[in-house]
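*Asks:* Predicted model and sequence below, questions to follow.
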Amino acid sequence: MSDEKTTLSGPDLTKGIELSAITDGTMLLGHARGEPVLLIRRGGDVFAIGAICTHYGGPLAEGLVVEETVRCPWHHACFSLRTGEALRAPALNPVPRWRVEVVRNPTHQPIPGQSWGGAVYVREKLETTVRQPLSAGAGMPDSVVIVGGGAAGNAAAEMLRREAYSGRVTMLSADASLPCDRPNLSKAYLAGTASEESNLLRPASFYREHRIDVSLGARVVAIDIESARVELMNGSRHDYGALLLATGAEPVRLEVAGGDLPHVHYLRTLADSRALVVRASAARQAVVIGASFIGLEVAASLRTRNVEVHVIGPGAIPMERILGAEVGNFIRKLHEEHGVTFHLGTTVTAIEAGSVMLKNGEKVQADLVVVGIGVRPAISLAEQAGLAVDRGVTVNEYLETSAPHIFAAGDIARWPDRLTGERIRVEHFVVAERQGQTAARNILGRREIFDAVPFFWTEQYDLAIAYIGYAERWDQAEIDGQLQAKNCTITYRRAGRKLAVATIYRDLESLGAEVEFEKTIAARNSLRGFG
């Protein structure tokens, strides 16, 4: 924060505050030695941690305290009050913490039933706790190979080192770039408000310092389960003690005449977005094929660059299946207010050098075409290895595949969801990161159930929607609040059962819904005998 001195608010916590000013479970925003600090009391303990989320800089003071954690209101990152550790993605870095000293006032007469009296002071900043290395031993793999350099693969590699695993960690990525913040590729990076350097999850030096061997452009073509070895396209081989498949998803290709012309783009990798940025800088009119999240985020980003945008979609209402007709129509109107033209209820039949032909007979001029019609899980490697697949790689509650010592996480994993009772596969960045973290801990023998509640967000112009839960099918959408005022909560139900909640600028309600779903899951885990 370059302007911390001008944005600090609240009391100077180094000078002390009355204990009575801190009630259990609440947060007090202040500062210490030029840094924003949150003072939080839980029971008889008082904690002082950094007030800024390490993901996108969200204000933790506007978040939610849950047991001995605080959750970010923006993207649901979670931090430990005791250690500052980022317990859940999307935050990967810890927040700082300070030593707290409670000075009792011997003359203070406490309220009956309370032992609080005196003042609390924030002292020096504490060092990050370093865990003891875990050496290979019984049940511990001597090496871990991660196939995939996306959200799940990166999060797993980091977690192995955070858990003090000292064995060899190899990440084999078919991508040409280091792991990046994929959601930002269609948002700030494409809009031109975020740099390429800021879009990398980690610089190259991070992987060197943490002894994570990253090979880019490394495409794995075979898994030999019997010999515990993977083979790359270039003929090289890597033995593994444990293997994590995190191969992600691939864009669905548009099979029409002209679909391979040079001005036709897809958006999945940093290289894709980089090429799209170059093309958009000279484009006058773009056609976006696909009216779901990626397509509409691309449309909003291109409008930020003053490119004329036309959106083509087969449905009558954008994102109706996911968010409902009322929300979909609202989003359409928002885009139209920003100059976007929609061509709905139709598809593309051909692409020419300067235009796109539609099934309804329309011809739309375009010197840039972006295709965003969905993705498919990249499961061919798993299929060739003989792993169990079902529209994804089948895993159990520990993210283990049907083969020993092989795990799967991210867009390819279909797992038993504790909330719906169904097997689901989710293509969301935060889910992939959290699965990568859980898979890493289970590779080390933790036996941790993956039961995180799915979460994602979308940003289009000044609209931000947070979505918690999973409702592939629903029959009721209840709107509480004012959709037009961008202040509402939408609850999705099937047969009366709450499955998901979407919020627009109601961050605390989104966090509250997450906690409610977690309590439901915990109760079901208890009934099944899981801890």
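*Replies:* Now that the structure is in, tell me what you want to look at.

*Asks:* So what touches the biggest helix by length in the chain?
*Replies:* With secondary structure taken from DSSP state H, the chain has its longest helix at helix 507-528. With contacts defined as C-beta atoms under 8 Å, 6 or more residues apart in numbering, helix 507-528 is touched by 62-64, 66, 71, 73-74, 76, 418-419, 449, 451, 453, 455, 466, 468-469, 489, 501, 503, 531. Every residue, glycine included, has its C-beta placed from N, CA and C.

*Asks:* Throw together a ChimeraX command that grabs the buried residues out of the residues you listed.
*Replies:* To isolate the buried members of those in ChimeraX, using 16 or more other C-beta atoms under 10 Å:
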select :63,64,66,71,73,74,76,418,419,449,451,453,455,466,468,469,489,501,503
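
*Asks:* and the contacts of helix 507-528, which of them are in strands?
*Replies:* 64, 66, 71, 455, 466, 468-469, 489, 501, 503 (DSSP state E).

*Asks:* Please report how far residue 515 lies from residue 263.
*Replies:* 47 Å (C-beta to C-beta, to the nearest Å).

*Asks:* With residue 453 instead?
*Replies:* With C-beta to C-beta as the criterion, residue 453 and residue 263 are 40 Å apart.

*Asks:* for residue 194, same thing?
*Replies:* 24 Å.

*Asks:* what residues are up against residue 498?
*Replies:* If you count contacts by C-beta under 8 Å, 6+ apart, then residue 498 has 469, 491-492 around it.

*Asks:* tally of neighbours for residue 365?
*Replies:* 13 (other C-beta atoms under 10 Å).

*Asks:* mind listing what the residue nearest to residue 269 when sequence neighbours are not counted touches?
*Replies:* Ranked by C-beta to C-beta, 6 or more residues apart in numbering and with sequence neighbours excluded, the top spatial neighbour of residue 269 is residue 175, at 5.6 Å. By C-beta under 8 Å, 6+ apart, the residues touching residue 175 are 149-150, 216-217, 269-271.

*Asks:* Just the pLDDT for residue 175.
*Replies:* Here, the pLDDT recorded for residue 175 equals 96.

*Asks:* center of the protein - which residue?
*Replies:* Nearest residue to the geometric centre of the chain (C-alpha atoms, centre = their mean): residue 430, 2.1 Å.

*Asks:* Just the CA atoms of the one helix or strand that residue maps to, as CSV, please.
*Replies:* Using DSSP states H and E, residue 430 maps to helix 429-443. Taking Å, rounded to 0.1, in the frame of the first residue of the first chain, the C-alpha atoms of helix 429-443 are listed here in CSV:
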residue,chain,number,x,y,z
PHE,A,429,-10.6,-20.9,-10.0
VAL,A,430,-11.1,-20.8,-6.2
VAL,A,431,-12.5,-24.3,-6.2
ALA,A,432,-9.4,-25.5,-8.1
GLU,A,433,-7.0,-23.7,-5.7
ARG,A,434,-8.7,-25.2,-2.7
GLN,A,435,-8.7,-28.6,-4.2
GLY,A,436,-5.1,-28.3,-4.9
GLN,A,437,-4.4,-27.4,-1.3
THR,A,438,-6.5,-30.3,0.0
ALA,A,439,-4.9,-32.8,-2.4
ALA,A,440,-1.4,-31.7,-1.3
ARG,A,441,-2.2,-32.3,2.3
ASN,A,442,-3.7,-35.7,1.5
ILE,A,443,-0.6,-36.6,-0.5
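
*Asks:* Which strands or helices does it pack on?
*Replies:* Secondary-structure packing of helix 429-443 (3 or more C-beta pairs under 8 Å, 6 or more residues apart in numbering; DSSP states H and E): helix 151-162, strand 242-245, strand 406-408, strand 455-460.

*Asks:* 6 Å - rerun?
*Replies:* Where contact means 3 or more C-beta pairs under 6 Å, 6 or more residues apart in numbering; DSSP states H and E, helix 429-443 is packed against helix 151-162.

*Asks:* Contacts for the helix holding residue 430 next, please.
*Replies:* 89-90, 144, 151-152, 155-156, 159-160, 182-183, 242, 244, 398-399, 407, 409-410, 448, 450, 452, 454-455 (C-beta atoms under 6 Å, 6 or more residues apart in numbering).
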